[in-house]
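Novice: Pasting the sequence and the predicted coordinates here, then a few questions.
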Amino acid sequence: MQRLNTRSLVLCALFCALIAVGAQVTVPIPYGAITLQLFFALLASFVLPPLQSLAALAAYLLLGLVGAPVFAGFSGGLSTVTTPTFGFITGMVLGAPLTSLLYRRLKRRLRAFPAALLSGLVGIALVYLCGAVHGYLILRLVLAQEVTLSFILWNWCLIYLPFDAAKLLAAASIAPPLLRRLPASGR
C-alpha cells in the first residue's frame, strides 16, 4: 500500500476543505440544491491519484457523519443518511477513485481535457445512480411517498445535468494547468 507523504496529506485535506466549502455554495431547487461539491470532487479526482481522491472524499464524508456541519446547508450527523439527497455524497465518494483511475488511463491515449471530460462523465453517472437509488429508497421506505421512475430521473438527475455539465467543463479546464504547476511526486 502506498504511504501518504506530507504533500499528499496536505492535498487531501485541501480538497476535503474545498468540498466542504463548496457544499455551502447552494442554489435551492425543489428536491435539493445545486452546490459546488461535485465541482471540487471532480477536480480532486483529476488532480489526486485514485487512493488519495478516495481519502479526500472519505474524510469529507466521515467529517459530516460525525457531526461536523460540512454538508449542504451546514448539516451533518448520522441523520443526514436518511435525507433523500445523501446518495449524491456517497456517489461522489465512490466515483472519485474511479474517475481518477479512468482519467489517468485515458490521458495516456488522449489529451488531458478530453480525458477529463470522459472520465468525469463516468463519475457523474455514478453520482447520479447513487443519488437516484438512495433518493428513491428514502422517499419510498422512510418518507412513505409514492414516487415513479420518471419522477426520480427528472428530480434526481436530469434537472441537475446542465449545471453538472458546466461544473465538469470547468474542472476539466482547470485540472491540466493545475497539474502542471504541482510538483510531480504522488501523481
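Specialist: Perfect, thanks for sending it.

Novice: What residue, apart from its backbone neighbours, is nearest the residue nearest the centre of the chain spatially?
Specialist: Nearest to the mean C-alpha position of the chain, by Cα atoms, centre = their mean, lies Met92 at 3.2 Å. Nearest residue to Met92, sequence neighbours excluded (Cβ to Cβ, 6 or more residues apart in numbering): Ala41, at 4.3 Å. Where you see a C-beta, it was placed from the backbone N, CA and C, and this is true even at glycine.

Novice: did I read that right, the one you found in a helix?
Specialist: Yes. Looking at Ala41 with DSSP: H, G, I helix; E, B strand; the rest coil, it is inside a helix.

Novice: list the contacts for it?
Specialist: Applying Cβ atoms under 8 Å, 6 or more residues apart in numbering to Ala41 gives the contacts 19, 57, 92, 95-96, 123.

Novice: Ala56 versus Ser8, what's the distance?
Specialist: Remark: distance between Ser8 and Ala56 (Cβ to Cβ, to the nearest Å) = 10 Å.

Novice: Who has more neighbours out of the two?
Specialist: Neighbour count, other Cβ atoms under 10 Å: between Ser8 and Ala56, Ala56 has more, with 29 against 20.

Novice: Show the pLDDT at the more buried one.
Specialist: Looking at Ala56, its pLDDT stands at 97.

Novice: quick check, it in a helix?
Specialist: Yes. Ala56 sits within a helix when classified using three-state DSSP.

Novice: Look up how far Leu141 lies from it.
Specialist: Taken as Cβ to Cβ, the span from Ala56 to Leu141 is 31 Å.

Novice: can you map out the helices along the chain?
Specialist: Along the chain, the stretches classed as helices by DSSP state H are 6-24, 37-47, 50-65, 86-106, 112-137, 149-153, 161-181.
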